[in-house]
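*Asks:* need the 3D shape of this:
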Amino acid sequence: MWQAIKSVLAAFLGVQKDERRREDFRSERPGTFIAAGLIVGVIFVLLVAFVAVMAAR
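*Replies:* Numbering: from 1, shown residues only. This is a model prediction of the structure:
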């Protein structure tokens, strides 16, 4: 799962190499990447909401 999260983070930042992406999808099940993407996405949204609330104070 940690490898999938690292891969998703690299993809979110736009620094994922094509070779690494191909290797990830050969070695892991899609469900792992979907779960990792949801986790990272929720954390990102919560972080943005937290920053917005703190900036509004």
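*Asks:* rest of the way, CA atoms for contacts and neighbours
*Replies:* Fine.
*Asks:* show me what the longest helix along the chain is packed against.
*Replies:* Longest helix in the chain, counting residues (DSSP state H): helix 30-56. The contact analysis (3 or more CA pairs under 8 Å, 6 or more residues apart in numbering; DSSP states H and E) places helix 30-56 against helix 2-13.
*Asks:* what angle do the helix it packs on and helix 30-56 make?
*Replies:* Orientation check (axes from the mean of the first three to the mean of the last three CA atoms, to 10 degrees): helix 2-13 against helix 30-56 gives 50 degrees.
*Asks:* what's the following helix or strand after helix 2-13?
*Replies:* Note on helix 2-13: by DSSP states H and E, the next helix or strand toward the C-terminus is helix 18-27.
*Asks:* could you list every helix and strand in contact with that next one?
*Replies:* Helix 18-27 packs on helix 2-13, going by 3+ CA pairs under 8 Å, 6+ apart.
*Asks:* C-alpha coordinates for the helix it packs on, PDB please?
*Replies:* Provided in PDB are the C-alpha atoms of helix 2-13 (Å, rounded to 0.1, in the frame of the first residue of the first chain):
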ATOM      1  CA  TRP A   2       2.900   2.400   0.800                       C
ATOM      2  CA  GLN A   3       4.300   2.000  -2.700                       C
ATOM      3  CA  ALA A   4       0.800   2.800  -4.200                       C
ATOM      4  CA  ILE A   5       0.600   5.900  -2.000                       C
ATOM      5  CA  LYS A   6       4.000   7.100  -3.100                       C
ATOM      6  CA  SER A   7       3.000   6.500  -6.800                       C
ATOM      7  CA  VAL A   8      -0.200   8.400  -6.300                       C
ATOM      8  CA  LEU A   9       1.600  11.300  -4.700                       C
ATOM      9  CA  ALA A  10       4.100  11.400  -7.600                       C
ATOM     10  CA  ALA A  11       1.200  11.400 -10.000                       C
ATOM     11  CA  PHE A  12      -0.600  14.200  -8.100                       C
ATOM     12  CA  LEU A  13       2.600  16.300  -8.300                       C
END
